[in-house]
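Novice: Have a look; sequence and predicted model below, questions after that.
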Amino acid sequence: MKRVILRLWREKDGVEEKIEMRPAETGAIYGTTFNVPRQPGLLWYYFIVHTEERQYYYGCSEAGGGPGLLRETIPPSYQITVYREGAEAAPAWFRDGVLYQIFVDRFYNGNPGGKVLNARHNSMLHGRWENTPYYIREPGTGKVARWDFFGGNLAGVREKLPYLKQLGIRAIYFNPIFASPSNHKYDTADYHTVDPMFGDNDLFKAFCEEAARMGISIILDGVFSHTGSDSIYFNKEGNYITLGAWQSKASPYYAWYRFCRHPDDYESWWGIETLPNVNEAEPSYREFIISGENSVLRHWHRLGIKGWRLDVADELPGAFLQELRQTLKALDPQAVIIGEVWEDASNKISYGERRDYLLGAELDSVTNYPLRRIMLNFILGHADAGRTQQDMMNLYENYPPQQFYSAMNLTGSHDSPRLLTELTAGLPADLPAEQREAMGHARLKLFALWQMTFPGVPCIYYGDETGVMEGEKDPENRAAYPWGRENAEIREYFQMMIALRNHYDVLRSGSWKAIHADGGAYAYVRSIAGGRDRFDQEKEDNVAVILLNRDAEKNASFDLDLSAWCAGALVGTLIDPLDQYKEIPLRENRLKISLRPLQGRLLLCNR
C-alpha cells in the first residue's frame with residue numbers, strides 16, 4: 001500500500017474530513033486518532049486505499065457489522081454512534097431483571113366464580129377460557145363490530161404474583177390498562193382511569209404495593225401518539241359528558257387533534273378512524289400528558305409504577321420524548337423509559353427524520369426485535385453462524401454500550417407470532433405431531449438459553465414459558481394463558497434459566513465476545529475480570545461459556561481456546577449448572593466438547 005486515508009462524515013452538520021493514516025513499524029497496519037464531535041449524532045467512515053497501481057475503498061459489507069469488503073467503488077460506511085457525554089445507563093433494577101409482558105384480559109380472572117367485571121355494551125364474552133380469540137367484523141368494511149373478551153383482570157394478576165415471583169420475574173410490563181372500549185386498549189378513552197373490566201385505581205395502587213413487596217416493579221404501556229375516537233377527549237360516539245373535539249371546535253381538546261375538515265375528516269393512526277392522531281407539539285396536550293400537576297405521568301407514578309413502554313415511539317417527536325424523560329427522571333431517577341422500535345434504533349429514520357433515541361436524552365431501552373429475528377434466523381437455519389455473528393456485531397457496534405446491555409430482548413409480543421409458532425414454522429406438514437412438538441420444544445430451549453445468557457433485558461410474553469401457546473399474528477397470538485395445560489418440562493427450564501441469570505452477575509452484566517461461529521454451531525463468552533463488570537460495578541470474577549448447536553441431525557464439535565478467560569481456573573475445569581454442576585475438564589485451557597443435535601450448553605469457570 002502507498003497511502004491509506006480515513007474518510008469521515010459528520011451527519012449532524014455535514015462536515016467531511018479526510019485523515020491521512022500512518023503506517024506502523026511493520027508497514028502492514030495503518031492507524032490514526034481523531035476526536036469525535038461533542039454534539040451527539042452519527043459519524044460515518046470508510047477507508048480509501050492507494051496502491052502503486054490504483055485506488056480501492058474499504059467499507060462496511062451489505063450485511064452490516066463485522067469485517068468489511070474491499071471495493072473499487074465507494075462502499076457503504078461504517079457507523080459510529082456518538083452519544084451524550086455522561087449519558088446514564090438504564091436503572092440497575094431494570095437491566096438486571098427479567099420482564100414479563102401481560103395482556104390483562106387474557107391472563108387470569110381473579111374474581112370469585114370467574115365473574116366478569118363491567119362487561120362492555122355490545123361486546124362478546126367467551127364462554128370458555130380455552131377458546132381461540134377472533135374478531136367479529138362488519139361485512140364489507142372489515143371494521144370490528146364487536147370486541148371479544150375473556151375476563152382477565154388485575155385481581156387475577158394479583159393472585160398470580162406468587163407464580164411470577166417463583167418464575168424469577170422482577171418486572172411486569174402491562175399492555176394498556178386505561179379505560180377503553182376495545183380488548184387491546186390502544187384506543188384510550190380515559191388516561192387517568194383503570195379500565196372497569198380490569199378493576200379500579202385503588203385496586204391498582206394496592207397491586208403495585210404488593211408487587212413491590214415481592215420485588216416486582218410495574219411498567220405501563222403509554223399510548224400517546226393517538227387516543228380513541230370513543231373517548232373523553234374526542235367523544236365521537238357521544239358516550240361521555242365532556243365536550244369532545246369531534247363535537248365542537250370549542251372543545252378544550254380540539255387543539256389536540258389534526259382536523260382536515262371538522263368534524264369527519266381528521267388524521268388517524270394508519271388510517272384507522274377509531275384512532276385519531278394527536279398533535280404532540282400542542283402545549284395543552286403536553287401539559288396533560290407530561291408536565292401538569294395531575295399529568296398522566298405524575299398520576300400513575302403516584303400510584304406506584306416504575307416506568308413506561310412508549311407505544312410507536314417513532315411517531316412521538318424527539319422534543320416530546322426529551323421533555324417526557326426530563327419530567328419522569330425528576331419524579332423518579334430510577335424510572336425507566338422503553339421505546340417500541342422495530343428496527344435498529346441507533347439509525348432509525350422516521351418520517352424523513354433521523355431519530356436520536358439512543359443518544360442519552362430520550363430512551364433508556366428499546367424493544368429488541370432485530371435480535372429476536374437474528375436468533376430465529378439462526379435457530380431455524382435461515383442464516384449460518386457466520387452471518388448470525390455479523391448481524392450481532394452490527395447491533396453491538398451501532399448501539400451505545402449501555403443501550404446494548406439494556407435492550408428489551410423479547411420472546412415475542414402481541415404484535416408478532418407466538419415464539420413456538422415461529423420455531424415450528426416450515427416443518428413438514430406430514431411430520432407426526434409428537435416429532436413436531438419435540439422439535440419445537442428443543443428449539444424453544446435453545447432460544448431460552450440464548451435469551452437468558454445474552455446482554456440485554458429478557459422479556460417473556462405471557463405464556464411463552466408454557467411450551468404450549470401457539471398463534472399467528474393478532475388475534476391468535478393473544479389467546480388466554482393455558483392454566484393447567486402447561487408443559488411442565490419447558491416451564492421448569494425457563495424457571496431454571498431465569499434463576500441462573502438472576503444468580504450469576506456475569507450473565508447480566510459481564511462483557512460479551514463470540515468465540516466460535518461455524519455453520520450451525522455458535523459460541524460466546526460472558527466474563528467479569530478484575531472485580532469489575534461492564535458497568536464498572538464491583539462483582540465477583542466469573543466466566544460463562546455458552547454453546548449452541550442448532551442442527552437437528554448432526555452433532556457439533558467445539559475446540560475452543562479459553563486461555564484469555566479461564567487460565568486462572570483452580571482445577572482446570574468448567575462446571576455445567578444445567579447438568580447437576582457436572583465438571584468439564586480443560587486441557588491446556590482448551591475446551592473440546594461435542595453437542596448433540598439441538599443442544600445448548602452453559603458452562604462456568606470453576607474459580
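Specialist: Okay, I see it. Numbering: from 1, shown residues only.
Novice: how far away is Gly97 from Val457?
Specialist: 7 Å (CB to CB, to the nearest Å). Yep, even glycine has a C-beta here, placed from its N, CA and C like the rest.
Novice: same question, Ala87
Specialist: Distance of Ala87 to Val457, computed by CB to CB: 17 Å.
Novice: again with Glu470
Specialist: Separation of Glu470 from Val457 (CB to CB) stands at 25 Å.
Novice: quick one: which of those two has more around it?
Specialist: Val457 (25 against 17; other CB atoms under 10 Å).
Novice: Asp332 and Gly304 touch, don't they?
Specialist: No: using CB atoms under 8 Å, Asp332 is not in contact with Gly304; the gap is 10.5 Å.
Novice: So which of those two has more stuff around it?
Specialist: Applying other CB under 10 Å to Asp332 and Gly304 shows that Gly304 carries more neighbours, namely 17 against 14.
Novice: element containing that one?
Specialist: In this assignment (DSSP states H and E), Gly304 forms part of neither any helix nor any strand.
Novice: Please apply the same query to the one 5 residues further on.
Specialist: Using DSSP H and E, the secondary-structure element containing Arg309 is strand 307-310.
Novice: three-state assignment of Leu449?
Specialist: Following DSSP: H, G, I helix; E, B strand; the rest coil, Leu449 is assigned to helix.
Novice: How many residues are close by the nearest residue to it once chain neighbours are set aside?
Specialist: Using CB to CB, 6 or more residues apart in numbering and skipping residues adjacent in sequence, the residue nearest Leu449 is Gly600, 4.1 Å away. For Gly600, the tally of surrounding residues (other CB under 10 Å) stands at 24.
Novice: likewise Val4?
Specialist: Applying other CB under 10 Å, we find 20 residues neighbouring Val4.
Novice: His414 is in contact with Phe103, correct?
Specialist: Yes: checked against CB under 8 Å, the pair Phe103 and His414 is within contact range at 5.9 Å.
Novice: Which neighbours do the two have in common?
Specialist: Overlap of the contact sets of Phe103 and His414 (by CB atoms under 8 Å, 6 or more residues apart in numbering) consists of 175, 184, 478.
Novice: show me what contacts the residue nearest to the first one when sequence neighbours are not counted?
Specialist: Once its chain neighbours are removed from consideration, Asn175 has its nearest residue in Phe103; the separation is 4.8 Å (CB to CB, 6+ apart). Contacts for Phe103 were tallied using CB under 8 Å, 6+ apart; they are 152, 175, 184, 414, 462, 478.
Novice: Domains in this protein, by residue range?
Specialist: Using automatic domain parsing, the domain parsing of the chain gives 3-82, 97-113+158-220+280-502, 226-279, 510-605.
Novice: Run through who's touching stretch 594-601.
Specialist: Outside stretch 594-601, the residues that reach it (CB under 8 Å, 6+ apart) are 439, 442-443, 445-446, 449-450, 521, 545-558, 576, 578, 593.
Novice: tell me the mean pLDDT for stretch 448-458?
Specialist: Averaging pLDDT along stretch 448-458 yields 98.
Novice: mind listing what's buried in that stretch?
Specialist: For stretch 448-458, burial by neighbour count (16 or more other CB atoms under 10 Å) applies to 448-458.
Novice: Dump these to a markdown table, plus distance to Met496.
Specialist: Formatted as a markdown table, the buried residues of stretch 448-458 follow (distance: CB to CB, whole Å):
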| residue | distance to Met496 |
| --- | --- |
| Ala448 | 9 |
| Leu449 | 10 |
| Trp450 | 14 |
| Gln451 | 13 |
| Met452 | 9 |
| Thr453 | 12 |
| Phe454 | 17 |
| Pro455 | 20 |
| Gly456 | 19 |
| Val457 | 19 |
| Pro458 | 14 |
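Novice: for Ile48, helix, strand, or coil?
Specialist: Applying three-state DSSP: Ile48 is strand.
Novice: mind listing the helices in the stretch 501-607 of the chain by residue range?
Specialist: Secondary structure of the stretch 501-607 of the chain (DSSP state H, counting those that start in this stretch): helices at 506-509, 563-566.
Novice: ugh, typo on my part, it should be the stretch 51-200 of the chain
Specialist: Along the stretch 51-200 of the chain, the segments classed as helices by DSSP H, counting those that start in this stretch run 92-95, 154-159, 161-167.
Novice: Contacts for the last one next, please.
Specialist: Helix 161-167 is contacted by residues 100, 172, 210-211, 214-216, 465, 494-495, 498 when judged by CB under 8 Å, 6+ apart.
Novice: Stretch 397-406 now?
Specialist: Contacts with stretch 397-406, where a contact means CB under 8 Å, 6+ apart, come from 65, 78-79, 81, 83, 87-90, 94-95, 344-347, 358-360, 364-366, 395-396, 407, 455-457, 509, 534-535.
Novice: Run through the bridge partners of the nearest residue to Phe47 once chain neighbours are set aside.
Specialist: Nearest in space to Phe47, with sequence neighbours left out and distances taken as CB to CB, 6+ apart, is Tyr58 at 4.2 Å. On the basis of DSSP bridges, Tyr58 is bridged to Phe47, Leu70.
Novice: you'd agree Tyr58 is up against Pro75?
Specialist: Yes: here Tyr58 reaches Pro75: they are 7.0 Å apart, a contact under CB under 8 Å.
Novice: Now list whatever residues contact both of these two.
Specialist: Common neighbours of Tyr58 and Pro75, counting by CB under 8 Å, 6+ apart, are 46, 68-69.
Novice: Please spell out the ChimeraX selection for the buried subset of the residues you listed.
Specialist: Buried members of these, defined by 16+ other CB under 10 Å, are picked up in ChimeraX with:
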select :46,68
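Novice: ok, the shared contacts of Tyr58 and Pro75 vs Gly156, which is closest?
Specialist: Checking these against Gly156 by CB to CB gives Gly68 as the nearest, at 52.5 Å.
Novice: And that closest one, how far from Ala544?
Specialist: 30 Å.
Novice: for Ala171, same thing?
Specialist: Plainly put, Ala171 is 23 Å away from Ala544 if you go by CB to CB.
Novice: now Ala319
Specialist: From Ala319 to Ala544 the distance is 42 Å (CB to CB).
Novice: Between the two, which is the more surrounded one?
Specialist: Ala544 (23 against 12).
Novice: Lowest average confidence across helices and strands of the protein, where is it?
Specialist: Within the chain, no helix or strand scores below strand 64-71, which has a mean of 87 by mean pLDDT, DSSP states H and E.
Novice: Flag the shaky bits of the chain, pLDDT-wise.
Specialist: The chain contains residues with pLDDT under 70 at 1, 27, 568-571, 606-607.
Novice: List only buried entries from the contacts of stretch 594-601.
Specialist: With burial judged by 16+ other CB under 10 Å, the buried subset of those is 439, 442-443, 445-446, 449-450, 521, 545-551, 556, 558, 578, 593.
Novice: For Pro263, the count of nearby residues, please.
Specialist: Pro263, neighbours per other CB under 10 Å, totals 16.
Novice: Right, I'll leave it there.
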